[in-house]
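Visitor: predicted structure and sequence below. I'll ask about it afterward.
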Amino acid sequence: MKHAILPALLLAAASAPAPATDVPKEFRYLYGSAEAAAITRESYRALVGLALERKAERDAGKPLTQTVLASGSTLDHPLFEGCGGKPLAAVFDVDETLLLNIGFEEWDATRPDRDGPWPKDAWASWEKTGTDKVAALPGALDMVAALRAAGVAVIYNTNRNGATADYTAKALEFAGFGKATPGVDLYTDTIGDGKKDGRRAAIASTYCVIALAGDQLGDISDLFNAAALSVPQRRAATALPAIAPLWGQGWFLLPNPVYGPPTRGTADDVFPDPALHWSPVP
Ligand SMILES: [Mg+2]
């Protein structure tokens, strides 16, 4: 009997499903949820709509204005230059704006020590070795195709390492965006300062940038990343009189609850108004 039961038990053990591995909620939202997929399509649809409007205005001879902040801007007093006759372009961040870093994020979501510091060595390895472990964000390929069909250039501005720009181009091509050329339509961080304003200015010197899109405010302007801005001040900056009208009208943001500045803050930062604090009433 013993000998008959043992193989059956072993077989049962071998075929039992592996215990499910949990992942933090923010990963479920961004990489798993229908809601994140839908909001991404919503944002891209709005971006294409605006681009077509701007194209029609250009065709009608109406002067256009850059969405890139001009030199000398502050958040209180943003400045925008005219476009002249420059060709139209939309400028995109790459990570979690056009590319979902599926391979890296699955690794990050399930590793045991993920509450430690940002694993920058692992990310550096990812830029070079994960080029076929990525996917386009939902709706991103259709959006890019619609822009190109309308004659709007698609320019990438990423803080990925300039030294590995060829690999980033490979990842974009693998995801279906076509060939990207470093220094032409793919701008990377060649200085290592994590800032994008200089590259935005360079792009705006050639193109009429009618849309900026990203998953962090640094994809719009480095001014939002000033160290002096607290979490509540940074949030309040999005509502400044000269800034508020730009959301969805040239500046487009996608959700990223997984990493970067949107994920910072203590309870006091996130819920700063004591007048709104509450506890259950017995
Ligand atoms: Mg990003």
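Guide: The structure has been received and is ready for your questions.
Visitor: okay, CA-based contacts and neighbour counts for the rest of this
Guide: Fine.
Visitor: shaky segments in the chain?
Guide: Low-confidence segments of the chain, defined by pLDDT under 70, span residues 1-15.
Visitor: would you map the helices across it?
Guide: Defined through DSSP state H, the helices belonging to the chain, from first to last, are 2-15, 25-27, 34-59, 102-110, 120-129, 140-149, 165-175, 197-206, 231-237, 267-270.
Visitor: can you list these in JSON lines and add distance to the ion?
Guide: Rendered in JSON lines, the data for the helices of the chain read as follows (distance: least, CA to the ion, whole Å):
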{"stretch": "helix 2-15", "distance to the ion": "40"}
{"stretch": "helix 25-27", "distance to the ion": "15"}
{"stretch": "helix 34-59", "distance to the ion": "13"}
{"stretch": "helix 102-110", "distance to the ion": "13"}
{"stretch": "helix 120-129", "distance to the ion": "13"}
{"stretch": "helix 140-149", "distance to the ion": "14"}
{"stretch": "helix 165-175", "distance to the ion": "13"}
{"stretch": "helix 197-206", "distance to the ion": "15"}
{"stretch": "helix 231-237", "distance to the ion": "18"}
{"stretch": "helix 267-270", "distance to the ion": "22"}
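Visitor: pick the most deeply packed of these.
Guide: Relative to the other members of the helices of the chain, helix 165-175 carries the highest mean neighbour count by mean count of other CA atoms under 10 Å, namely a mean of 21.
Visitor: wait, T97 touches G139, no?
Guide: No: at 11.0 Å, T97 and G139 do not qualify as touching, with contact defined as CA atoms under 8 Å.
Visitor: between these two, which one's more packed in?
Guide: For T97 and G139, the more surrounded residue by other CA atoms under 10 Å is T97, and the numbers stand at 22 against 18.
Visitor: quick check: closest non-adjacent residue to the more buried one.
Guide: G214 (5.3 Å; CA to CA, 6 or more residues apart in numbering).
Visitor: in the stretch 101-250 of the chain, what residue lies closest to the ion?
Guide: Across the stretch 101-250 of the chain, no residue is closer to the ion than D215, which sits at 5.0 Å (CA to the ion).
Visitor: nearest to the ion: which residue in this structure?
Guide: Taking CA to the ion, the ion has its nearest neighbour within the chain at D95, 4.0 Å off.
Visitor: please list all residues in contact with that residue.
Guide: Shown in contact with D95 (CA atoms under 8 Å, 6 or more residues apart in numbering): 101, 158.
Visitor: what's the neighbour count on A227?
Guide: Applying other CA under 10 Å, we find 8 other residues in the vicinity of A227.
Visitor: for R200, see how far away it is.
Guide: Noted for A227: a distance of 20 Å to R200, by CA to CA, to the nearest Å.
Visitor: hang on, the earlier thing: residue contacts, the residue lying closest to the residue of the stretch 101-250 of the chain closest to the ion once chain neighbours are set aside?
Guide: Nearest residue to D215 in three dimensions, chain neighbours excluded: L254, at 4.7 Å (CA to CA, 6+ apart). Taking CA under 8 Å, 6+ apart, we find L254 in contact with 39-40, 43, 97, 213-216.
Visitor: the longest strand anywhere in the chain and the ion in contact?
Guide: Looking across the chain with DSSP state E, the single longest strand is strand 153-161. No: among the residues of strand 153-161, none lie within reach of the ion under CA under 5 Å from the ion; the closest is 7.4 Å away.
Visitor: what lies in contact with that strand?
Guide: Defining contact as CA under 8 Å, 6+ apart, one finds that strand 153-161 is touched by 87-95, 127, 144, 147-148, 168, 185-190, 192, 194-196, 199-200.
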